[in-house]
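> Return a 3D structure for these sequence lines:
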Amino acid sequence: MFLKKITTIKNVGRYKAARISGGEYGRFTLIYGGNGRGKTTLCAVLRSLQRNEPKLIQRRKTFLATSEPEIGLLLDSGSVRFSGGAWTAAQPGIHIFDQQFVTDNIHGGDQIDVEHRRNFYRIVVGPIGVALAEKVDRLDADATMKQSEIKSEKKALEQHLPAGMKLEAFLKLAADANIDDKIDKATKALRAINNGATIASRNTLKVLALPTLPDGFLDLLAKGVDGIAADSAERVQQQLAQHNFRNGGETWLSQGLSHVVSDHCPFCATSLDGNNLIDAYRGYFSDAYTAHKAAITDMSTALDRALSSTTALKVEQSFMQVSTDAEFWKAYCDHGYIGSGSAKRISGEVEALFDAAKALLAAKEAAPLEPIKSSIAFIEAQATWSATIVELGANLATFAEANRRIQAVKDANAVANKANAEATLANLQAVKTRHSAPVLGLASNYTTLLNEKMALVTAKDTKKAELDNYDQQILGAYEADINQFLTSFGASFRLAQCGKSYVGKVPQSTYCLRFDTSDIDVTRANADNPSFDTTMSAGDKNTFALAFFLSQLKRDPDIANKIVVFDDPFTSLDDFRRAMTAREIVRTGEPGKAAQVILLSHDKFFLDAVRGMIHGATCTPLQISASAGGSSIEPWDIEREVKEGYLHDHMRLQDFAEGRSGDARDMRTVMRPLLEKYIRYRFPNQILEGKWLGEMLAIIRADTAHPLTPQYGDLDDINNYTAPFHHDPNTTFVEDEVRTYAQRTIAIVGGC
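Prediction:
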């Protein structure tokens with residue numbers, strides 16, 4: 001990159017509508033300009049181009065200008081312009097050493113703060129290190145942002161945490177396909193513990209035996225009496241039919257026969273001897289018959305007892321109680337028992353069977369020797385009840401398992417621990433919550449975020465290790481380079497312990513300034529101990545900054561394609577350091593180094609010293625001239641200014657002092673430089689290059705035998721009078737006063 005010429009500069013600082021004259025610039029371009037004429041503005045223009053920061057120009061817009069800033073530069077690659085608040089193209093290939101560079105990267109005058117050390121670090125490590133550091137910063141920022149997401153997700157998750165459980169433990173709970181069953185069992189177990197007294201006193205499932213016909217009922221209906229002659233039976237039946245005996249006829253005859261005494265009729269006392277009918281009665285109503293009748297009577301009693309309404313009702317109620325008990329136990333275990341609806345039919349069906357059986361038995365009682373066939377009502381009632389018995393029997397078959405489970409509850413409850421049961425249930429409920437919506441989704445997202453953050457942290461650590469390794473190499477090399485320049489400048493201090501810190505996350509340089517064997521840590525400031533502001537003179541501070549800048553140029557692998565700009569780099573330097581600074585500036589522009597060096601200064605003699613060291617390269621001297629219309633850039637005859645300038649200024653000032661010609665406005669700023677040249681030429685070994693009139697007066701004042709002691713008063717008056725005009729050209733003046741001081745100046749320098 002090479003700046004061939006500034007073609008346009010308008011409405012920027014003092015450059016209202018600058019006149020630009022002269023040809024293209026050389027490899028070395030020397031720009032002379034007094035204070036306040038626009039050197040700093042030119043540096044700001046180049047820095048804006050370098051950084052592509054329009055605001056650096058916009059903030060310097062000319063006061064009261066009605067148009068926006070406009071700049072045109074001709075580079076070796078073509079034209080670039082600043083118009084409409086923007087550059088047509090950025091040009092990063094520029095290094096600038098000025099007060100802004102020092103303030104941004106080295107120190108703020110009295111201290112070196114964190115931002116200085118961060119910028120110092122970025123310059124030291126260069127593009128490679130900066131890229132690595134930025135990657136570390138981005139990964140760290142991404143990890144921080146990811147942590148913010150994690151925090152938000154964690155907050156949402158924690159709303160679902162069981163009391164007393166940590167999130168990490170909650171997330172580790174494994175899924176369980178049978179969790180609902182386990183929760184149900186645990187809930188019932190805890191409920192049983194809470195109702196311990198009721199559990200202990202409650203019965204297992206029990207019912208009364210089902211009502212059935214007495215044994216032998218049907219056989220008895222079909223049974224007669226063995227041994228009773230058929231003709232006797234026939235005679236008894238004929239007698240019963242003849243006398244119209246109905247129900248109970250046989251009983252009446254049987255009972256009457258027992259009252260026969262001495263073979264005489266109990267009614268008429270007639271002798272019964274030889275009476276065939278009585279013989280038939282006696283054959284018929286034998287002991288077997290009596291037993292048979294008794295069996296019928298007993299069967300009736302048994303039937304009443306087996307199928308009575310009371311018995312049936314009790315059985316039915318026992319089934320209802322079982323249903324109630326089963327419902328109670330369902331709250332504590334899955335016993336598996338399900339009540340049958342047929343239990344509600346017990347009373348009705350048993351009553352129907354009882355009535356039908358009773359009717360059959362009554363018929364048997366009326367004709368004990370006759371087989372009694374089952375009636376339709378009996379058959380239907382017996383079939384219905386038999387079916388119900390089968391149904392209820394199947395239901396009763398589940399009692400054993402149900403009661404085993406119920407008893408297990410009772411047994412477990414007797415030794416159960418409530419706290420353990422509560423903990424078990426809580427843990428199971430936590431498992432269910434962990435693997436149910438919305439927690440399942442929240443947990444999955446949370447885990448994903450954690451993994452993503454871990455990946456970012458791992459990547460950051462990897463890049464940080466890479467950066468640390470790179471920094472370890474480059475920081476040591478930079479320290480050596482800076483110290484080499486400090487040695488060449490004759491500085492009394494060195495850079496030491498150069499390292500890096502991540503305080504505040506953004507990398508920053510750490511280093512000490514070593515004076516002999518004493519180190520001053522620039523990261524620490526203590527009002528009671530030596531520090532940067534108390535150990536470093538203004539010249540030392542500038543020397544340190546310049547050494548750092550020169551080290552940056554040395555380490556730039558692309559320096560051959562870049563422009564290097566120096567703006568008054570010798571501030572507060574003594575003659576030796578000024579001379580060494582001039583030499584280093586020239587070395588910067590030697591073949592194989594910077595493509596172009598631009599030097600701006602208010603000191604024409606320093607510029608001339610640099611020019612004198614340049615060999616074999618084009619050198620273009622320019623000056624920033626000032627007028628009421630603003631500053632302009634034009635060619636500058638440096639040889640005439642530094643060699644013939646004294647005689648030229650002497651003649652101009654003498655013509656003005658004697659009233660022949662000249663402008664008082666210009667003469668105000670001619671007197672002091674003329675006196676400085678006069679004293680420098682008169683005492684070349686005593687007054688070195690670069691001394692100002694104020695410094696010269698201090699030397700004269702310190703030496704009472706100095707040849708200029710008699711003129712000290714006049715010199716001091718002229719210095720004090722002209723000083724304001726050099727600081728501010730717009731300072732008001734009176735022409736006669738200027739002429740008086742011009743005459744006093746000519747009186748000192750004489751006809752020289």
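
> How about the contacts made by Gln429?
Gln429 makes contacts with Pro162, Ile183, as judged by Cβ atoms under 8 Å, 6 or more residues apart in numbering. All C-beta spots, glycine's among them, are computed from the backbone N, C-alpha and C.

> Average pLDDT for stretch 29-42, rounded please.
Mean per-residue pLDDT for stretch 29-42: 89.

> If you could redo that for stretch 300-310, that was the one I meant.
Computed over stretch 300-310, the average pLDDT equals 93.

> in it, what's buried?
Ser300, Ala302, Leu303, Ala306, Leu307 (16 or more other Cβ atoms under 10 Å).

> which residue ranges form the helices in the stretch 51-200 of the chain?
55-58, 99-105, 114-158, 167-171, 179-194, 196-201 (DSSP state H, counting those that start in this stretch).

> And for the stretch 201-350 of the chain?
217-222, 230-242, 249-257, 276-284, 287-307, 309-330, 346-366.

> Dump those into JSON lines; add distance to Asp703 as well.
Converted to JSON lines, the helices of the stretch 201-350 of the chain look like this (distance: least, Cβ to Cβ, whole Å):
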{"stretch": "helix 217-222", "distance to Asp703": "160"}
{"stretch": "helix 230-242", "distance to Asp703": "184"}
{"stretch": "helix 249-257", "distance to Asp703": "177"}
{"stretch": "helix 276-284", "distance to Asp703": "184"}
{"stretch": "helix 287-307", "distance to Asp703": "153"}
{"stretch": "helix 309-330", "distance to Asp703": "120"}
{"stretch": "helix 346-366", "distance to Asp703": "143"}
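
> out of these, nearest to Val610?
Closest to Val610 of the helices of the stretch 201-350 of the chain is helix 309-330 (Cβ to Cβ; 105.7 Å).

> Which elements pack onto that closest one?
helix 346-366, helix 399-415 (3 or more Cβ pairs under 8 Å, 6 or more residues apart in numbering; DSSP states H and E).

> Just the mean pLDDT for the helix or strand just after the longest one, thanks.
Read it as helix 346-366. Later in the chain than helix 346-366, the nearest helix or strand by DSSP states H and E is helix 376-396. Averaged across helix 376-396, pLDDT comes to 93.

> hang on, the earlier thing: now render the helices of the stretch 51-200 of the chain as a markdown table, adding distance to Asp461, mean neighbour count and mean pLDDT.
Converted to a markdown table, those look like this (distance: least, Cβ to Cβ, whole Å; neighbours: other Cβ atoms under 10 Å; pLDDT from 0 to 100):
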| stretch | distance to Asp461 | mean neighbour count | mean pLDDT |
| --- | --- | --- | --- |
| helix 55-58 | 37 | 17 | 94 |
| helix 99-105 | 29 | 18 | 82 |
| helix 114-158 | 9 | 17 | 82 |
| helix 167-171 | 23 | 13 | 91 |
| helix 179-194 | 40 | 17 | 89 |
| helix 196-201 | 59 | 12 | 88 |
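
> what about the closest residue to Arg27 other than its chain neighbours, neighbour count?
For Arg27, ignoring the flanking residues on the chain, the nearest one in space by Cβ to Cβ, 6 or more residues apart in numbering is Ala617 at 4.5 Å. For Ala617, the neighbour count with other Cβ atoms under 10 Å is 14.

> Now do Ala617 against Phe566, distance only.
Distance, Ala617 to Phe566, by Cβ to Cβ, to the nearest Å: 16 Å.

> Low-confidence regions, the stretch 501-650 of the chain specifically.
503-505, 524-535, 571-572, 640-645 (pLDDT under 70).

> mind listing the strands in it by residue range?
Assignment of strands within the stretch 501-650 of the chain using DSSP state E, counting those that start in this stretch yields the ranges 508-515, 518-521, 563-567, 596-601, 619-627, 630-635.

> Format the ones you listed as TSV; extra columns: mean neighbour count and distance to Gln242.
Below are the strands of the stretch 501-650 of the chain laid out as TSV (neighbours: other Cβ atoms under 10 Å; distance: least, Cβ to Cβ, whole Å):
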stretch	mean neighbour count	distance to Gln242
strand 508-515	20	143
strand 518-521	15	151
strand 563-567	23	161
strand 596-601	24	165
strand 619-627	20	171
strand 630-635	19	169
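
> Could you dump these into TSV and include distance to Ala377?
Below are the strands of the stretch 501-650 of the chain laid out as TSV (distance: least, Cβ to Cβ, whole Å):
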stretch	distance to Ala377
strand 508-515	112
strand 518-521	120
strand 563-567	128
strand 596-601	133
strand 619-627	139
strand 630-635	137
